[in-house]
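Q: next come a sequence and a model predicted from it.
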Amino acid sequence: MKKEDIVFSDWHRWVFGMAPPSFTGEVALRALVLFLVMLVIIRLLGRRMKGQMSVSELAVVLTLGAIIAGPMQIPTAGLLPSVVVLVAVLAMHRLSNWLAFKYRAVELVQQGDLALLVRDGCLDLPALQRQALSQEQLFSQLRNQNIAQLGELRRVYFESNGRLSIYKLPAPQPGLSVLPRADAPPPAAEGPARGQRACATCGHVPAPADHAG
């Protein structure tokens with residue numbers, strides 16, 4: 001399109017673009033066909049696509065969206081090439097899942113590995129840095145799991161799907177509160193023990209002997 005063809009008051013171009021008005025009905029039919037094909041493809045991709053997605057699965061979904069965008073709206077684009085590409089993406093996804101099942105290295109490349117973020121009430125700061133996860137981002141997820149302070153935790157794993165796996169200590173120990181700083185820390189065993197201090201960075205609570213030294 002040349003710049004002189006762009007006229008501000010050209011309402012036909014605003015509403016229908018450069019296609020004739022009759023193409024509007026064709027767009028609706030194209031969208032319906034591609035929607036039905038997408039339903040079949042996503043169903044065949046597996047149940048995980050309906051839950052929280054991994055990085056590779058998110059890439060597949062974005063690719064599917066890019067594939068159907070053109071044929072749905074461009075008059076000169078046919079539907080069959082897009083359907084073929086959708087089937088090819090399905091085949092590649094199935095193949096990559098099979099390779100991940102057979103080879104641990106492929107699985108790690110595709111999905112990533114878990115990371116240990118909390119060990120016995122203390123934050124693993126290098127692990128947080130590697131995962132590009134701030135202390136407050138972690139604390140907000142812990143609060144969503146009704147965790148009041150780090151002393152309740154034996155292990156916290158950051159799974160490859162972005163969720164936290166939390167294992168608690170049998171009995172809560174003194175630890176760093178995960179509540180917002182503007183809020184008062186919880187009392188007794190649910191928060192830092194009275195008279196003891198916790199490191200505001202990693203959550204380490206010195207033993208009484210450490211204080212004496």
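A: Thanks, I have the structure now.
Q: now do the domain split for this protein, please.
A: Residue ranges for the domains of the chain, per the TED database: 11-109, 113-212.
Q: what about the residue nearest in space to the middle of the chain, which helix or strand?
A: The chain has residue 162 as the residue nearest its centroid, 5.6 Å off, counting by Cα atoms, centre = their mean. Taking DSSP states H and E as the definition, residue 162 sits outside all helices and strands.
Q: from residue 170, how far out is it?
A: 28 Å (Cβ to Cβ, to the nearest Å). In short, each C-beta sits where N, CA and C put it, glycine included.
Q: and what of residue 69?
A: Separation of residue 69 from residue 170 (Cβ to Cβ) stands at 54 Å.
Q: ok, those two, which is more surrounded?
A: Taking other Cβ atoms under 10 Å, residue 69 and residue 170 do not tie; residue 69 has more neighbours (13 against 5).
Q: returning to that earlier point: check the domains of the chain for me: which has the lowest mean pLDDT.
A: Mean pLDDT values for the domains of the chain show the minimum at domain 11-109, a mean of 75.
Q: now residue 201: closest residue in space, sequence neighbours ignored.
A: residue 125 (7.0 Å; Cβ to Cβ, 6 or more residues apart in numbering).
Q: the one you found contacts residue 203, doesn't it?
A: No. If you go by Cβ atoms under 8 Å, residue 125 and residue 203 don't touch, sitting 9.7 Å apart.
Q: which one of these two is surrounded by more residues?
A: Per other Cβ under 10 Å, whichever of residue 125 and residue 203 has more neighbours is residue 203, with 23 against 13.
Q: quick check, the more buried one in a strand?
A: No. Assessed with DSSP: H, G, I helix; E, B strand; the rest coil, residue 203 is coil; it does not lie in a strand.
Q: contact partners for it?
A: Each residue near residue 203 by Cβ atoms under 8 Å, 6 or more residues apart in numbering is listed here: 118, 121-123, 150, 175-176.
Q: same thing but at 10 Å, please
A: With contacts defined as Cβ atoms under 10 Å, 6 or more residues apart in numbering, residue 203 is in contact with 118, 120-123, 125, 135, 149-151, 153, 175-178, 192.
Q: same question, residue 41
A: Residue 41 makes contact with 34, 49, 60, 64, 67-68, 83, 86-87, 89-90, 93, according to Cβ under 10 Å, 6+ apart.
Q: just the buried residues of the helix or strand hosting residue 136, please?
A: Assigned by DSSP H and E, residue 136 falls within helix 135-144. By 16 or more other Cβ atoms under 10 Å, the buried positions in helix 135-144 come out as 135, 138-139, 141-142.
Q: which one of these sits closest to residue 29?
A: Ranked by distance to residue 29 (Cβ to Cβ), the buried residues of helix 135-144 are led by residue 141 at 44.6 Å.
Q: check contacts around the closest one.
A: Counting by Cβ under 10 Å, 6+ apart, residue 141 makes contact with 117, 133, 147, 156, 158, 162-164, 166, 178.
Q: which residues of this protein fall in strands?
A: All strands of the chain, identified by DSSP state E, fall at 115-119, 122-123, 153-158, 164-168.
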